[in-house]
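J.: this is a predicted model, with the sequence first.
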Amino acid sequence: MKVSYFPFTQEAAHQVRSAGFSLESLLDKTSFKAVRDRAAERVWGAIIGEIPDKWPATEAENLMELLSYPLSRVIVSCLDDDALIRRYALGEAKLAFKRMQRDKEEIISLANDLGLHPQDSKEPFKIHFSEYIRAAHSMRSPKWKLVNRDLKGGYITITREVLMRLMEEMVRDRVIKGLPVPLEEELCERLADCIRPLRLELDKMNARQKVNLGQVEELAFPPCIMAMLSQVSAGQNLAHSARFALTSFLLQINMSPVEVVALFNTSPDFDEEQTRYQVEHISGSSGTKYKPPSCATMITYGNCRGKDELCNKVGHPLSYYERKIKRGLVVQNV
């Protein structure tokens, strides 16, 4: 396994320690400018949605890629934004998945490092159900449920693609652990030149998300919808029933399918192509535009959250929204 391709591994951490470079040298020395630039690029990519891939060839490039990972964690910690932490972990996980697809011969050693231990060296693989549950616990799509897997003698048979997807989730969990890193303020000040443009881009991203919601009168949303949006913006996967309820509600109040798809891009299990297909299907591409479920159905599926006084007077999330709009209870954005 070429550790610079997967800098979150235990072997990579060992090599960084063995190299003996201090954090101060990475911050100050001209010879490590490429490391600082790549670290900032990793964080920038996390903000905009994809960390640019590098395929190091020389020893110097491998060292740069290896050292840029811990430094990027420092930069993320200095920015001190919970949503960015989740986006960064997701970005590193997706980058790792892309590299797994190219470097397939190393998949077993990488899986072992992440805590998955396939019983076979060739496809199809078998992993213990306890490891499967640990890796797939936050993946909400029905296909990842244990009951939908081939379980025999305590082991589940999976394809290479499924194994890599489980590994991607394990990478996300590992990356997010320990963030933010406890840091002295003085250290972040020394990284000011790297952090300044990243802060501006992060502020722009947050502003864009706020504007999108404001255009459909976010302040008129019922508590259940607000709770789901909060989960999505926090990078959490929604249950299938909640995802349908949120999507159908937003489409019904005239948010476009493109805008709805964009809302889900921080979800750990985000698949743009599949999400677009599902959203467009709900929006009526197949001939039927689906309406959001009633309050009674929301309660049945455990999606009714934080009822307020108005909730007790309506039977549908859309009725809640319409009443607030008509009564002028929404404070217009300035």
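T.: Nice, thanks for sending it over. Everything numeric in this text was worked out from a predicted model, so none of it was measured. Residues are numbered from 1 along each chain as shown.
J.: next, the contact list for Cys224, please.
T.: Residues near Cys224 by CB atoms under 8 Å, 6 or more residues apart in numbering: 245, 298, 303-306, 317. (C-beta placed from N, C-alpha, C; glycine too.)
J.: between all of these, which two are separated the most?
T.: Greatest spacing in the contacts of Cys224, by CB to CB: Ala245 and Gly306 (14.8 Å).
J.: more crowded one of these two?
T.: Ala245 (24 against 10; other CB atoms under 10 Å).
J.: so that one belongs to a helix, correct?
T.: Yes. When DSSP: H, G, I helix; E, B strand; the rest coil is applied, Ala245 is found to be in a helix.
J.: so it makes contact with Cys304?
T.: No. Using CB atoms under 8 Å, Ala245 makes no contact with Cys304, being 10.0 Å away.
J.: for Arg134, which non-adjacent residue is spatially closest?
T.: Of all residues not flanking Arg134 in the chain, Gly115 sits nearest, at 7.2 Å (CB to CB, 6 or more residues apart in numbering).
J.: was I right to think the one you found contacts Ser130?
T.: No. With contacts counted by CB under 8 Å, Gly115 stays clear of Ser130, the gap being 10.4 Å.
J.: Asp113 and Arg327: what is the separation?
T.: As judged by CB to CB, to the nearest Å, Asp113 and Arg327 stand 57 Å apart.
J.: more neighbours: the two, which one.
T.: The neighbour count for Asp113 versus Arg327, taken as other CB under 10 Å, is higher for Asp113 (19 against 10).
J.: can you pull the pLDDT of the more buried one?
T.: Asp113 carries a pLDDT value of 96.
J.: count the neighbours of Lys29 for me.
T.: Number of residues near Lys29 (other CB under 10 Å) recorded here: 13.
J.: show me where the stretch 101-250 of the chain has strands.
T.: Secondary structure of the stretch 101-250 of the chain, counting by DSSP state E, counting those that start in this stretch: strands at 125-128, 151-152, 155-158.
J.: what packs against the first one?
T.: It stands for strand 125-128. Contact here means 3 or more CB pairs under 8 Å, 6 or more residues apart in numbering; DSSP states H and E; on that basis strand 125-128 packs against strand 155-158, helix 160-176.
J.: check which residues of the last one are buried.
T.: Just to be clear, that refers to helix 160-176. 160, 162-176 (16 or more other CB atoms under 10 Å).
J.: try stretch 14-21
T.: Buried residues in stretch 14-21 (16+ other CB under 10 Å): 15-16, 21.
J.: looking at these, spot the one nearest Asp120.
T.: Distances from Asp120 to these, taken by CB to CB, are shortest for Gln15, at 28.7 Å.
J.: distance check, the closest one against Asp28.
T.: The gap separating Gln15 from Asp28 is 22 Å, by CB to CB.
J.: ditto for Asp173
T.: In terms of CB to CB, Asp173 sits 33 Å off from Asp28.
J.: again with Glu273
T.: 44 Å.
J.: how about the helices of the stretch 1-150 of the chain, start to end?
T.: Ranges of helices in the stretch 1-150 of the chain, per DSSP state H, counting those that start in this stretch, are 10-19, 23-28, 33-48, 59-79, 82-102, 107-113, 129-136.
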